[in-house]
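Engineer: Would you be able to build a 3D model of this:
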Amino acid sequence: MKSVIITGSKGLIGSELVNHLLGKNYFVHELDILMGHDLSDENFVKKYFREIKADFLVNCFALNDHIVPGGEKVTLFDVSLESLANFLTINTISLFSVCRAFAANNRDKDAGIINFASTYSVVSSNPALYNGYEKDIRYVISKAAVPQLTRHLAVHLAPGIRVNCVIPHGIKHEQGHDFEERFKKLSPMNRMMDKSELNGLIEYLCSDNSSYMTGSIIMVDGGWSIW
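Structural biologist: Numbering: from 1, shown residues only. Okay, here's the model as predicted:
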């Protein structure tokens with residue numbers, strides 16, 4: 001039985017993957033801030049990955065502007081450097097810390113890391129989608145590092161550890177009718193994604209079927225980024 005660590009396991013994507021992989025006879029370890037796991041604490045991260053071994057690491061955790069308590073729409077002129085540093089700490093530095101700790105304790109076996117980036121690490125956000133507002137630049141900057149981190153790790157952890165990156169966009173989740181209609185007009189697929197549509201891809205990446213894949217940046221955005 002393959003074992004998988006899923007960070008951000010209580011979030012929208014993470015919780016869906018936990019339920020799906022458990023049903024496919026994977027042993028799943030959950031990591032989430034809601035469970036008391038602070039991935040910005042390097043001592044916790046090092047201790048956890050020394051003690052918990054797994055075949056695959058799926059990184060779903062991230063700080064996003066729409067889940068920040070008391071968050072409000074801001075422009076690039078409103079963002080404080082302190083708040084930007086907080087996004088970078090969680091989405092970039094902590095991700096590196098988690099990947100490194102997993103790799104350090106899995107050097108002697110075949111293993112895999114799957115990171116989640118953002119469409120906005122590839123293209124700019126479209127103001128038309130956000131009704132004239134900006135997509136929070138703190139999220140954009142902090143997630144832009146993820147594909148390049150993935151490429152670097154893929155080279156330097158090969159051949160034992162494969163590292164790939166998934167870039168989803170437009171997952172439907174309580175955005176409201178107006179947002180969904182704007183999204184449809186801007187998407188070649190003319191709809192938003194159901195969260196379950198990532199399950200098969202992640203299961204594939206957490207299997208021997210993807211044994212020759214590493215450094216791949218996989219767009220799952222309904223064609224959003226191609227026009």
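Engineer: next helix or strand past whichever helix or strand residue 99 is part of?
Structural biologist: Assigned by DSSP states H and E, residue 99 falls within helix 94-104. As assigned by DSSP H and E, the chain's next helix or strand after helix 94-104 is strand 111-116.
Engineer: before we move on, back to that, can you check what angle separates the helix holding residue 99 from strand 111-116?
Structural biologist: Orientation check (axes from the mean of the first three to the mean of the last three Cα atoms, to 10 degrees): helix 94-104 against strand 111-116 gives 170 degrees.
Engineer: name the helices or strands packed onto the helix-or-strand element of the chain with minimal mean pLDDT?
Structural biologist: One helix or strand of the chain scores below all others by mean pLDDT, DSSP states H and E: helix 177-186, with a mean of 93. Counting contacts by 3 or more Cβ pairs under 8 Å, 6 or more residues apart in numbering; DSSP states H and E, helix 177-186 is packed against no other helix or strand. Using the backbone N, CA and C atoms, a C-beta is placed for each residue, glycine as well.
Engineer: In CSV, list the C-alpha atoms belonging to that helix.
Structural biologist: Output of helix 177-186 as CSV, limited to C-alpha atoms (Å, rounded to 0.1, in the frame of the first residue of the first chain):
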residue,chain,number,x,y,z
HIS,A,177,-23.4,33.3,-9.4
ASP,A,178,-22.0,36.5,-10.8
PHE,A,179,-18.4,35.3,-10.4
GLU,A,180,-19.2,32.0,-12.0
GLU,A,181,-20.8,33.7,-15.0
ARG,A,182,-17.8,36.0,-15.5
PHE,A,183,-15.5,33.0,-15.3
LYS,A,184,-17.5,31.1,-17.9
LYS,A,185,-17.2,34.0,-20.4
LEU,A,186,-13.4,34.0,-20.0
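Engineer: List the buried residues in it.
Structural biologist: Buried residues in helix 177-186, defined by neighbour count with 16 or more other Cβ atoms under 10 Å: 179, 182-183.
Engineer: so how far is that helix from its chain's centroid?
Structural biologist: Mean C-alpha position of helix 177-186 versus that of the full chain (Cα atoms, centre = their mean, to the nearest Å) differs by 23 Å.
Engineer: hmm, who's touching it?
Structural biologist: Outside helix 177-186, the residues that touch it by Cβ atoms under 8 Å, 6 or more residues apart in numbering are 126, 128-129, 131, 170, 172, 175, 190-192, 224.
Engineer: so how many other residues sit close to the nearest residue to residue 101 once chain neighbours are set aside?
Structural biologist: Using Cβ to Cβ, 6 or more residues apart in numbering and skipping the chain neighbours, the partner closest in space to residue 101 is residue 49 (3.9 Å). Neighbour count of residue 49, defined by other Cβ atoms under 10 Å: 23.
Engineer: now do residue 113
Structural biologist: Applying other Cβ under 10 Å, we find 26 residues neighbouring residue 113.
Engineer: hang on, it packs against residue 153?
Structural biologist: Yes: Residue 113 lies in contact with residue 153 (Cβ atoms under 8 Å); the separation is 6.7 Å.
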